[in-house]
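> dropping the sequence and predicted coords here.
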Amino acid sequence: WRSDGTPAGTRSVVDLPRDAERFWADGSNVYFIADGASPGFTNSQLWRADLAAETLQELTHFNSFFSFPGNEPLFAKLGSEVYFQVNAFNITLWRTDGTPAGTVPALELPESAGFGVFGLASLGGGLYLHTRDNSPTWQLWRSDGTTAGSQRLLSVTTRGGGEDESAPELALIGGRVVVL
């Protein structure tokens, strides 16, 4: 919707799919996932709404576990491309230039990275990913957007344990990646 603050100046810009959720904005483009929010393995779609042109386009579809808590999609921009994670049976980052042809898998982390990305940020020409497995171990990864250019920087085991423990937060503070 777009509004100038008056009822007469309020109107729909694009009609979103009914199951649209998990939005991320990049200028006039809004990326989002539509997956029906049904429990389990789901056929999800990545969409882009161009609010300036008032257009809506499905970019790709993929299978994922987004409907489980902790598996919400995360987005980050590196250069002119937007990266987003897909959690299925591994951790895969996809990238998009905003077109269907330019929306492709970019990198896959090894099984040792765990089952989910819980933080994703872009800084200094790199992507930083905060991952975890079923233990109280969290990992920080840096990637240039390719599998070959991805490396684990840090592995931390937190006190207590188990998969129910809350995740440390990944933040950009003062031009640095910080795990809180």
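Now that the structure is in, tell me what you want to look at.
> so who does the most centrally placed residue in the chain touch?
Centrality entry for the chain: nearest residue to the mean C-alpha point is Leu74, 2.1 Å, by CA atoms, centre = their mean. Leu74 makes contact with 84-85, 117, 119-120, according to CB atoms under 8 Å, 6 or more residues apart in numbering. Heads up, the C-betas are built off the backbone N, CA and C, glycines and all.
> report the lowest-confidence entry in these.
Least confident entry in the contacts of Leu74, by pLDDT: Val117, with 77.
> and the gap between it and Leu170?
9 Å (CB to CB, to the nearest Å).
> before we move on, back to that, skipping adjacent residues, who's closest to the residue nearest to the centre of the chain in space?
Nearest residue to Leu74 in three dimensions, chain neighbours excluded: Leu120, at 3.9 Å (CB to CB, 6 or more residues apart in numbering).
> and the contacts of the helix or strand harbouring the one you found?
Element membership of Leu120, judged by DSSP states H and E, is strand 116-123. By CB under 8 Å, 6+ apart, the surrounding residues in contact with strand 116-123 are 70-71, 74-78, 83-85, 87, 91, 93, 127-132, 138, 167, 169-172, 175-177.
> make a ChimeraX selection of the buried ones in those.
To isolate the buried ones among the contacts of strand 116-123 in ChimeraX, judged by 16 or more other CB atoms under 10 Å, type:
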select :71,74,75,76,78,83,84,85,87,91,93,127,128,129,130,131,132,138,170,177
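> ok, what's across the strand from Phe62?
In this structure, Phe62 bridges to Ser44 when assessed by DSSP bridges.
> what's the neighbour count on Arg22?
17 (other CB atoms under 10 Å).
> ah, wrong one, I meant Asp19
Using other CB under 10 Å, Asp19 has 15 neighbouring residues.
> now Gly174
That count, for Gly174 with other CB under 10 Å as the rule, works out to 5.
> can you give me phi and psi for it?
phi 60, psi 40 (degrees, to the nearest 10).
> what sits against it?
Residues in contact with Gly174 (CB under 8 Å, 6+ apart): none are found.
> try Arg142
126-129, 150-151, 153.
> got it, and Thr10?
Applying CB under 8 Å, 6+ apart, the residues near Thr10 are 1-4.
> please apply the same query to Val82.
With CB under 8 Å, 6+ apart, Val82 has these contacts: 24, 26, 31, 75-76, 95-98.
> now those as a markdown table including distance to Val104, secondary structure and pLDDT?
Converted to a markdown table, the contacts of Val82 look like this (distance: CB to CB, whole Å; DSSP: H, G, I helix; E, B strand; the rest coil; pLDDT from 0 to 100):
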| residue | distance to Val104 | secondary structure | pLDDT |
| --- | --- | --- | --- |
| Trp24 | 18 | strand | 87 |
| Asp26 | 18 | strand | 92 |
| Tyr31 | 15 | strand | 92 |
| Phe75 | 16 | strand | 89 |
| Ala76 | 16 | strand | 91 |
| Arg95 | 7 | strand | 93 |
| Thr96 | 8 | strand | 95 |
| Asp97 | 9 | coil | 96 |
| Gly98 | 13 | coil | 94 |
